[in-house]
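> this is the structure alone, sequence omitted:
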């Protein structure tokens with residue numbers, strides 16, 4: 001275990017902290033950088049315009065996750081460029097407001113003087129999460145995860161299974177997340193924390209593999225852009241993109257794909273289909289188990305837990 005500085009950006013006056021690029025954490029920050037170029041509150045929550053914008057920004061952010069993220073002790077991850085406002089503006093210009101993109105489009109985040117790396121071929125049980133806050137303003141956010149015996153082969157003669165996270169590596173040496181001895185696999189585990197006026201404010205996260213930062217981000221946007229209370233923000237229906245290669249072997253991708261909870265309005269989903277999104281429908285309360293705790297400036301502590309799956313809860317004393 002290493003003590004590391006978090007990666008951070010400011011969004012609408014809120015400082016958002018994530019783990020480094022050995023996790024998928026910075027993808028939420030890249031997604032926010034792209035979204036801050038739009039007035040989301042004017043688009044309206046879960047309208048076709050809002051969801052189209054959200055999904056197209058997700059595709060660009062996760063394409064960079066696939067291209068660049070890996071253990072930074074082995075790979076030079078250009079986070080300064082990836083999280084810059086200029087880079088976000090360049091990437092934002094790729095979005096067609098009326099048409100869904102079907103390609104995986106990582107950006108050019110390598111300095112011009114550096115040799116261009118060879119491109120790799122295009123690839124077309126669950127975790128837990130816990131947040132805590134105390135009256136002194138200490139915040140804690142963690143997304144622990146182990147392995148699944150059913151999908152982790154047992155080493156013959158030794159009696160223990162290989163770590164499930166190993167399947168997140170690529171065996172193509174040209175990939176940033178290629179398997180190398182002592183290298184950490186780029187994992188999906190991605191707790192979140194936010195500060196207001198320099199003070200700890202909000203801790204949040206969820207199980208859910210590649211969707212963790214998508215479900216968490218929609219909760220965060222509901223609070224910051226739409227002014228919702230924590231529980232209201234967790235209860236709102238969500239969508240997720242499946243456009244990019246998955247973190248788990250065999251790293252499948254579904255170009256243009258998205259999934260929506262069935263509580264999203266039917267006419268909105270029809271409009272997304274008309275714009276080229278490959279829309280799949282999930283159960284009304286099926287996307288993750290986001291939890292959150294907060295400490296307001298007046299010292300009031302609050303918490304909320306998603307009712308999805310009926311496994312998450314919040315408590316205080």
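Looks like it came in fine. Note that this is a predicted model, so its numbers are computed, not measured.
> just the strands in the stretch 101-250 of the chain please.
130-133, 139-142, 192-196, 199-205, 239-241 (DSSP state E, counting those that start in this stretch).
> against which helices or strands is the third one packed?
This points to strand 192-196. strand 14-18, strand 139-142, strand 199-205, helix 212-224 (3 or more CB pairs under 8 Å, 6 or more residues apart in numbering; DSSP states H and E). All C-beta spots, glycine's among them, are computed from the backbone N, C-alpha and C.
> report the separation between the closest residue to residue 50 other than its chain neighbours and residue 31.
Leaving aside its sequence neighbours, residue 50 sits nearest to residue 43 (CB to CB, 6 or more residues apart in numbering; 4.1 Å). Distance of residue 43 to residue 31, given as CB to CB, to the nearest Å: 16 Å.
> more neighbours, these two?
residue 31 (24 against 17; other CB atoms under 10 Å).
> for residue 8, find the nearest of the helices and strands packed on strand 192-196.
strand 14-18 (4.9 Å; CB to CB).
> where do the helices sit along this structure?
Assigned by DSSP state H, the helices in the chain fall at 26-35, 40-43, 48-68, 79-82, 85-92, 212-224, 230-235, 266-274.
> can I get the ones you listed in TSV with distance to residue 158 and mean pLDDT?
Below are those laid out as TSV (distance: least, CB to CB, whole Å; pLDDT from 0 to 100):
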stretch	distance to residue 158	mean pLDDT
helix 26-35	35	98
helix 40-43	52	97
helix 48-68	33	98
helix 79-82	38	97
helix 85-92	46	97
helix 212-224	31	98
helix 230-235	43	97
helix 266-274	49	98
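> those helices into JSON lines, with extra columns for distance to residue 177?
Output for those, formatted as JSON lines (distance: least, CB to CB, whole Å):
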{"stretch": "helix 26-35", "distance to residue 177": "13"}
{"stretch": "helix 40-43", "distance to residue 177": "31"}
{"stretch": "helix 48-68", "distance to residue 177": "8"}
{"stretch": "helix 79-82", "distance to residue 177": "15"}
{"stretch": "helix 85-92", "distance to residue 177": "21"}
{"stretch": "helix 212-224", "distance to residue 177": "16"}
{"stretch": "helix 230-235", "distance to residue 177": "31"}
{"stretch": "helix 266-274", "distance to residue 177": "31"}
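> which among the ones you listed is found nearest to residue 14?
So among the helices of the chain, helix 212-224 is nearest, using CB to CB, at 5.8 Å.
> the closest one - contacts with which helices or strands?
Applying 3+ CB pairs under 8 Å, 6+ apart, one finds that helix 212-224 contacts helix 26-35, strand 192-196, strand 199-205, helix 230-235, strand 239-241.
> what about that helix, distance to the chain center?
Going by CA atoms, centre = their mean, to the nearest Å, the spacing between the C-alpha centre of helix 212-224 and its chain's C-alpha centre is 9 Å.
> could you check the angle strand 14-18 makes with it?
Here helix 212-224 runs at an angle of 170 degrees relative to strand 14-18 (axes from the mean of the first three to the mean of the last three CA atoms, to 10 degrees).
> helix 212-224 versus strand 192-196: what angle between them?
20 degrees.
> burial count for the nearest residue to residue 40 once chain neighbours are set aside?
Nearest residue to residue 40 in three dimensions, chain neighbours excluded: residue 225, at 4.6 Å (CB to CB, 6+ apart). Using other CB under 10 Å, residue 225 has 20 neighbouring residues.
> check residue 225 and give its pLDDT.
Per-residue pLDDT puts residue 225 at 98.
> what's near enough to touch the residue nearest the centre of the chain?
Centroid-nearest residue in the chain, with CA atoms, centre = their mean: residue 213, separated by 2.0 Å. Residue 213 makes contacts with 24-25, 27-28, 31, 190, 192, as judged by CB atoms under 8 Å, 6 or more residues apart in numbering.
> one more: residue 180?
residue 74.
> how near is it to residue 153?
With CB to CB as the criterion, residue 180 and residue 153 are 21 Å apart.
> now residue 231. Nearest residue, chain neighbours left out?
Distance criterion CB to CB, 6+ apart; nearest residue to residue 231, sequence neighbours excluded, is residue 304 at 4.1 Å.
> oh, I was asking about residue 105
Distances taken as CB to CB, 6+ apart put residue 63 closest to residue 105, at 5.2 Å, once the chain neighbours are dropped.
> again, but for residue 18
residue 25 (3.3 Å).
> you'd agree the one you found is up against residue 9?
No. Taking contacts as CB atoms under 8 Å, residue 25 lies outside contact range of residue 9: 11.5 Å.
> higher neighbour count, these two?
The neighbour comparison of residue 25 against residue 9 (other CB under 10 Å) goes to residue 25, with 26 against 20.
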